[in-house]
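[1] Predicted coordinates and the sequence they were generated for:
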Amino acid sequence: MRAVLDPNVIVSALISPQGTPAKIFREWLQGGYDLVVSPLLLAELERVLGYPKLRERVSKVEGRELIELLRRGADQRGDPSDTPPARSADPGDDYLIALAAASQAVIVSGDRHLLSLSDALPVYSPAQFLDIIPGSD
């Protein structure tokens, strides 16, 4: 199984090590699924990790280590070459949809705009995704 984690899920995993997003991240580290990333996703994550409010909870070093871990260990895909079709009420989410479609992956997000598309696309909340990862408890 392949999954695209919305950057909000990855950030939540860092901030709350006992939460569901952190469990999902650990499942990836243990080989429970293939995590798909792209340059746009990594750039968004890097930008978000630089926000002053997050910087209080996640150091620059931790942020850099996370980005490097994702670059080395995740399934690196190129950004979709075509402009993604507008599918989400938030156009900033469309690249995640295009990335998931191009890599035949599900999307894991806490974003209401993406979750509202779950009838038409394979979009799961972190709790829903944790329930379907093979072998997770």
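    It's in. Numbering: from 1, shown residues only.
[2] would you list every one of the strands in the protein?
    Using DSSP state E, the strands of the chain run over residues 2-5, 34-37, 75-76, 106-108, 123-124.
[3] Give me the outermost residue of the protein relative to its centroid.
    residue 56 (21.5 Å; Cα atoms, centre = their mean).
[4] Any chance of JSON lines for the strands of the chain, columns distance to residue 45 and mean pLDDT?
    (Glycine included, C-beta is placed from N, CA and C.) Below are these laid out as JSON lines (distance: least, Cβ to Cβ, whole Å; pLDDT from 0 to 100):
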{"stretch": "strand 2-5", "distance to residue 45": "9", "mean pLDDT": "98"}
{"stretch": "strand 34-37", "distance to residue 45": "8", "mean pLDDT": "98"}
{"stretch": "strand 75-76", "distance to residue 45": "14", "mean pLDDT": "96"}
{"stretch": "strand 106-108", "distance to residue 45": "14", "mean pLDDT": "97"}
{"stretch": "strand 123-124", "distance to residue 45": "19", "mean pLDDT": "96"}
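[5] Redo those strands as JSON lines? Include mean neighbour count and distance to residue 95.
    Shown next, in JSON lines, are these (neighbours: other Cβ atoms under 10 Å; distance: least, Cβ to Cβ, whole Å):
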{"stretch": "strand 2-5", "mean neighbour count": "25", "distance to residue 95": "10"}
{"stretch": "strand 34-37", "mean neighbour count": "20", "distance to residue 95": "12"}
{"stretch": "strand 75-76", "mean neighbour count": "14", "distance to residue 95": "15"}
{"stretch": "strand 106-108", "mean neighbour count": "26", "distance to residue 95": "11"}
{"stretch": "strand 123-124", "mean neighbour count": "23", "distance to residue 95": "14"}
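[6] For residue 61, which of these is the nearest?
    Across the strands of the chain, residue 61 has its closest neighbour in strand 34-37 (20.0 Å, Cβ to Cβ).
[7] what does that closest one rub up against?
    Identification of contacts with strand 34-37 by Cβ atoms under 8 Å, 6 or more residues apart in numbering yields 1-5, 28, 70-71, 73-77, 99-100, 103, 105.
[8] Tell me the strands beside that strand, with direction?
    strand 2-5 (parallel), strand 75-76 (parallel) (DSSP bridges).
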